[in-house]
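1. could you look at this predicted model? Sequence included:
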Amino acid sequence: MTATETAPAEAARDFIRDIIRADLDAKRHKTVVTRFPPEPNGYLHIGHAKSICLNFGVAEEFGGRCHLRFDDTNPTKEEQEYIDAIERDVRWLGFDWGQHLYHASDYFEQLYDWAEHLIRAGKAYVDDQTQEKLRATRGTLTEPGKNSPWRERNVEENLDLFRRMRAGEFENGARILRAKIDMAAGNINLRDPALYRILHASHPRTGDKWCIYPSYDFAHGQSDAIEGITHSICTLEFEDHRPLYDWLLDNLPVPSRPRQYEFARLNLSYTVLSKRVLTELVRGGHVKAWDDPRMPTLAGLRRRGVPPAAIRDFVKRIGVAKANSVVDMGLLEFSIREALNKTAARRMAVLRPLKVVIENYPAGKSEELEAANHPDDAAAGVRRVRFGRELYVEREDFMESPPKKFFRLSPGREVRLRYAYFIKCREAVKNAAGEVIELRCSYDPETRGGNTPPDGRKVQATLHWVSAADAVPAEVRLYNPLFTQTVPNAGDFAADLNPNSVEVLTDCRLEPALSKAKAGEPVQFERQGYFCPDPDSKPGRLVFNRTVGLRDTWAKVASGKDG
RNA sequence: UGGGGGAUAGUUCAACGGUAGAACAGCGGACUCUGACUCCGUUAAUCUAGGUUCGAAUCCUAGUCCCCCAGCCA
C-alpha cells in the first residue's frame, strides 16, 4: 500500500471499491477476483471499456485477478469473429487475463448436472407449454402469473424429460426447464424463470455436442462460483436478476459464494452504445465496418487513432456510480487531446490548399529550414522542411475582407510561416468565377527561421504551409458525430443519423516527412488536430484520419459573433 | 394501482451528521513561431415539503420526477 500512500490523489474512490475494501478489511476474502464477461455477439465498445477498466482495474489495485470469460450460452447469436475481436480489443486496451481465459461453455457439463440437482430437489421442472402460452401465463407487471399445469410433475418424469431434451428428442421450443420459485412474485424474474431451452444450433466452441443451452441466469452466477469470483460486477439492468442469482447459488452445491453488484452503464452524447444498434449500423451499411472510425467501438477508436491510454484516462474521469447519466463527448475528446499532445510528433499539412507565390523569391531556388518535432520536447528532435517560391497555405487562413478579430492573411497583411519567413500578401488572384485561386506575396529574408526581424515588428498569426514542389498529395478523412442528437432515439436511430459524419478531403498536401508515417502512429497536423494514417493507405496514396481537432478558440469567436 | 433502482454546478463524479469540493465545459487574463499547450483568476449545485439535531446533501416522514423489468437475449 506504499503506492497509495505516495500517490493518494490517484486512489480511485467509488462505491464498488468501497465495498471491496470493506470486504477485504473484514477478511471475507483472501484475494479479490473479478471477471469481464462479454457475450461474443458483437464488438466491444467504449461502454465495455468502462466495465473492463473497472474489473481489471480493481483486481490490479487490490492485488487480485480478473478473468476474461465469454458468456457464450446462445449459439444462435455468437460467432468466432467476435471472440477473436474481443480478445484483441481487451489486450489493446492494456489488460491481461493471464491464464484466466474461460467460457461459460467450459461449464456446460457441470451446469447440466446442477440442473438435474435442482430437479431432484423438486426445484425445477420441465414445462411443455408453448412460448405463447408461457407469455400469456406469466402475468403482467401488476398481476401475478399462473402456475403451469406441468409445475407439479414428479422428479422421475422431469428427469426423464430433461434427459431426452438433452438427447435431442424434441424440437426447438417444444419444452423448457424452469425453476420452481413463485409465479406471484413481484419480481418477474422469479416467476419460474427459464433455466434451459432447446436450441438445435452449432456452438462456436462445443460444436454439435449440445442441443440444450443454459439461460444467462442459470449460467452466470454458477460460472462465477466455479471460478471463485468474489465480486461479480454488472450493469444496472441486472439489478432485479440479483434475487435469482442468489436463489440459484443458495440452492446449488456451488464451490464458492460470489456477490453481484451493479453500476450504471456508460452513455456518451451524440452516439449510441447498444450492441443491437451498432450491429444494425454495420449490417445496414450506415458505416463501413465495425472498425469504421466513426464507431464508438474499441476497434473504431483504434483505427481513428485514439490511444488506449486516452480511453483509460477517460474512464477514470467519469467515475462509477449508480445514477444513469450521459457523459459529454467533449470529455472523451479532452482525454484524447491530453494523451496525444504529449506524444504526437508535429507536422505540417495543408488540407484545403491555396497556392501562394512569393514574388521576390528567386524562381528555381529552394532551401531547407529546421522544424521541431515537438515544441515541448527537445528530445523528439528536428526535421528539415523545404521552402520555395511556390507554396500552399490553408484556404481558410486567407480572407479578402476579414472581420475585426481575424489575424491571418488578407491583402496587405503580414503573417509568419511557421519555421520559415514572414510573408506579406500583395494581391489575391481570382478566376472567372470570382474565386481566389492564388495569393501573390513577398517575403522578408531577414525573418528566416520564423524569427522576429531586426526592426522588431510583429505579426499576429503564424500559419502552417507546405512547399508546392515537394508536398505529397493525400486523402484526409474528417469525422463528425455519428448522430445529430445528444441522445439519439435508439428505436428509430436512422432518423437521427448525421448525414455529414464523414468528410473526405482528396486534395490535401503534406510535408514529405509524413509519407513515412506508420499506420496507427499519431501525428499532430499543426494548428489543426491529431491525425493518423488509415490502413487504406497505399504507396502513393496516403490516407489520414482525423482523430480529433485541436481546441479552436477562433472557430468559437468566428461562429459566435461573426464579423 | 407490482417489483427493483436513482436524484448534488451546464456535464460527470466527491463529500459516509461538522466550512458542499474536483474534473470537463463556460467566462476573464497571462504566455506563445500552433488562435494549440501551459499558467492564473472566475461564474455555477444539494428534487420538493415537513421533522429529528447545537448542526442535515447525509437520518426520519410524505411527496415529485427519471430509469429498468412482462425473451426459450445477455
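-> Yes, it's here.
2. give me the phi and psi angles of residue A:395.
-> phi -50, psi -40 (degrees, to the nearest 10).
3. so it sits against residue A:353, correct?
-> Yes. Counting by CB atoms under 8 Å, residue A:395 does reach residue A:353; the two are 7.1 Å apart. Just so you know, the C-beta spots here come from the backbone N, C-alpha and C atoms, and that holds for glycine as well.
4. compare those two (neighbour count), which wins?
-> residue A:353 (20 against 14; other CB atoms under 10 Å).
5. measure the more buried one to RNA strand B for me?
-> 17 Å (CB to the nearest atom of the strand, to the nearest Å).
6. could you measure that residue against residue A:126, distance?
-> 73 Å (CB to CB, to the nearest Å).
7. go on, residue A:75?
-> Counting by CB to CB, the gap from residue A:75 to residue A:126 is 21 Å.
8. go on, residue A:388?
-> For residue A:388 relative to residue A:126 (CB to CB), the value is 83 Å.
9. more neighbours: which of the two?
-> More neighbours surround residue A:126 than the other of residue A:388 and residue A:126, with 24 against 17 (other CB under 10 Å).
10. the more buried one belongs to a helix, doesn't it?
-> No. Counting by DSSP: H, G, I helix; E, B strand; the rest coil, residue A:126 falls outside a helix, being strand.
11. contacting residues for it?
-> Counting by CB atoms under 8 Å, 6 or more residues apart in numbering, residue A:126 touches A:150, A:153, A:157, A:158, A:161, A:162, A:165, A:175, A:176, A:177, A:178.
12. and the second one, which helix or strand is it part of?
-> According to DSSP states H and E, residue A:153 maps onto no helix or strand at all.
13. that one: what's its closest spatial neighbour, skipping adjacent residues?
-> In this structure, residue A:153 finds its nearest non-sequential neighbour in residue A:125, 5.2 Å apart by CB to CB, 6 or more residues apart in numbering.
14. number of nearby residues for that neighbour?
-> 25.
15. what's the answer for residue A:539, then?
-> 6.
16. what sits against it?
-> Applying CB under 8 Å, 6+ apart to residue A:539 gives no contacts.
17. need phi/psi at it.
-> With angles defined as degrees, to the nearest 10, residue A:539 sits at phi -50, psi 130.
18. any idea how far whichever residue of the stretch 51-200 of chain A sits closest to RNA strand B is from residue A:145?
-> Closest residue of the stretch 51-200 of chain A to RNA strand B, CB to the nearest atom of the strand: residue A:186 (2.7 Å). As for residue A:186, its distance to residue A:145 is 11 Å (criterion: CB to CB).
19. and if you look at residue A:342?
-> Going from residue A:342 to residue A:145 by CB to CB gives 59 Å.
20. these two - which one has more neighbours?
-> residue A:145 (19 against 12).
21. what does the stretch 351-500 of chain A have sitting close to RNA strand B?
-> Taking CB under 7 Å from any atom of the strand as the contact definition, the stretch 351-500 of chain A meets RNA strand B at A:374-376, A:405-408, A:416, A:418-419, A:449-451, A:461-462, A:464.
22. where does the residue in chain A sticking out farthest from the centre land in three-state SS?
-> When distances to the mean C-alpha position of chain A are computed (CA atoms, centre = their mean), the maximum falls on residue A:455, with 52.4 Å. Here residue A:455 takes the coil state, with states given by three-state DSSP.
23. phi and psi next, for it.
-> Dihedral angles for residue A:455 - degrees, to the nearest 10 - are phi -80, psi 0.
24. do the same with residue A:512
-> For residue A:512, the backbone dihedrals (degrees, to the nearest 10) come out as phi -60, psi -30.
25. my guess is it contacts residue A:469. True?
-> No. Look at residue A:512 against residue A:469 with CB under 8 Å: they stay out of range, at 10.3 Å.
26. tell me, what's touching the two both at once?
-> residue A:386.
27. what about the two, which has more around it?
-> Taking other CB under 10 Å, residue A:512 and residue A:469 do not tie; residue A:512 has more neighbours (16 against 12).
28. OK, contacts around that one?
-> Contact analysis of residue A:512 by CB under 8 Å, 6+ apart lists A:386, A:470, A:471, A:472.
29. could I get these as JSON lines with neighbour count, secondary structure and pLDDT?
-> Output for those, formatted as JSON lines (neighbours: other CB atoms under 10 Å; DSSP: H, G, I helix; E, B strand; the rest coil; pLDDT from 0 to 100):
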{"residue": "A:386", "neighbour count": "17", "secondary structure": "strand", "pLDDT": "97"}
{"residue": "A:470", "neighbour count": "13", "secondary structure": "coil", "pLDDT": "93"}
{"residue": "A:471", "neighbour count": "23", "secondary structure": "coil", "pLDDT": "97"}
{"residue": "A:472", "neighbour count": "17", "secondary structure": "strand", "pLDDT": "97"}
